[in-house]
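Undergrad: I'd like to go over a predicted model; first the sequence, then the structure.
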Amino acid sequence: VDVQPKAGAANPDGLPPITPNEFFYVYQQRDPPNTDLYSVDDWQMEIRIRGEAVATMDTRFFENHTPIELEHTLQCIGGNPRNTLINNAVWGGLPFDEVLAELGVSIPGSTIELKMQGADRAGDTGRYTTAIPIEDVTEGRVWLMWEMNGEPMPFDHGAPCRFIVQGRYGTKNVKWPEHVDFIDEPHLGYWETRNWS
């Protein structure tokens with residue numbers, strides 16, 4: 001009998017090469033979006049430069065684009081030998097710099113970080129936020145994904161889409177994105193203010 005490990009945990013043979021969606025670890029700081037208020041079908045993400053909206057995208061973008069597959073391992077920053085929280089999936093989407101180019105968004109030369117905000121809550125601080133160096137975007141390490149292992153992105157993993165940032169722990173891979181902002185000064189999000197980065 002092929003017994004699958006619990007979500008995110010290794011079995012005696014290690015981790016499976018590709019983890020089925022139902023066994024892929026799920027983590028967010030506190031609460032996922034309230035489904036009474038959050039509608040996947042009505043999702044929109046605002047793209048901002050220094051706080052000013054310059055573009056908006058919705059699920060029609062996904063309907064009009066064929067995703068590119070990227071096999072990628074996601075690991076929780078708090079993982080350890082007793083709490084592995086690491087899995088591998090084939091994600092489907094596009095490099096975020098290509099998405100921006102299609103939307104006509106140019107990154108200002110003064111930008112140092114991309115701030116991202118998800119619809120999930122983070123303690124008493126409101127929405128979950130984090131930031132990454134702008135080089136992650138310009139060098140193609142940031143992808144916007146709307147498929148996971150050939151299926152539409154599951155709700156627990158950020159439906160309708162999430163960010164995958166290659167080379168960064170899970171804290172930087174924002175789910176349920178509400179807006180992104182190109183900023184000129186460092187931003188400390190939920191985990192960064194607690195010295196996890």
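TA: Yes, it's here.
Undergrad: Look up how far E22 lies from the nearest residue to F24 once chain neighbours are set aside.
TA: Leaving aside its chain neighbours, F24 sits nearest to N87 (4.6 Å; criterion: CB to CB, 6 or more residues apart in numbering). Bear in mind the C-beta positions are built from the backbone N, C-alpha and C, glycine included. In this view, N87 and E22 are 11 Å apart by CB to CB, to the nearest Å.
Undergrad: Looking at the two, which one has more neighbours?
TA: A count of neighbours by other CB atoms under 10 Å puts N87 above the other of N87 and E22, at 25 against 10.
Undergrad: Hmm, T73 and the more buried one touching each other?
TA: Yes. N87 lies in contact with T73 (CB atoms under 8 Å); the separation is 7.1 Å.
Undergrad: Name whatever forms a beta bridge with the residue nearest to F24.
TA: On the basis of DSSP bridges, N87 is bridged to L74.
Undergrad: separation between it and A101?
TA: Distance from N87 to A101, by CB to CB: 31 Å.
Undergrad: ditto for L114
TA: For L114, the distance to A101 - CB to CB - is 15 Å.
Undergrad: For those two, indicate the residue with more neighbours.
TA: Relative neighbour count places L114 above the other of L114 and A101, with 25 against 12, counting by other CB under 10 Å.
Undergrad: Please tell me the pLDDT value assigned to the residue nearest to F24.
TA: Looking at N87, its pLDDT stands at 91.
Undergrad: do the same with F155
TA: 95.
Undergrad: Nearest residue to it in space, please, no chain neighbours.
TA: Closest residue to F155 apart from its sequence neighbours, by CB to CB, 6+ apart: V40 at 7.0 Å.
Undergrad: Same question for V99.
TA: Nearest non-adjacent residue to V99 (CB to CB, 6+ apart): L144, at 5.5 Å.
Undergrad: can I assume the one you found sits in a strand?
TA: Yes. Residue state for L144 (DSSP: H, G, I helix; E, B strand; the rest coil) corresponds to a strand.
Undergrad: Pretty sure it sits against C161.
TA: Yes. Taking CB under 8 Å as the definition, L144 is a contact partner of C161 at 5.8 Å.
Undergrad: any shared contact partners between these two?
TA: Contact criterion CB atoms under 8 Å, 6 or more residues apart in numbering; residues shared by L144 and C161: G93, P177.
Undergrad: the more surrounded of those two?
TA: Neighbours were counted for L144 and for C161 using other CB under 10 Å; C161 has more, 26 against 23.
Undergrad: ok, now which ones touch that one?
TA: Neighbouring residues of C161 by CB under 8 Å, 6+ apart: W43, M45, F62, G93, L144, M145, W146, M153, P177.
Undergrad: could you check the distance from it over to M57?
TA: 9 Å.
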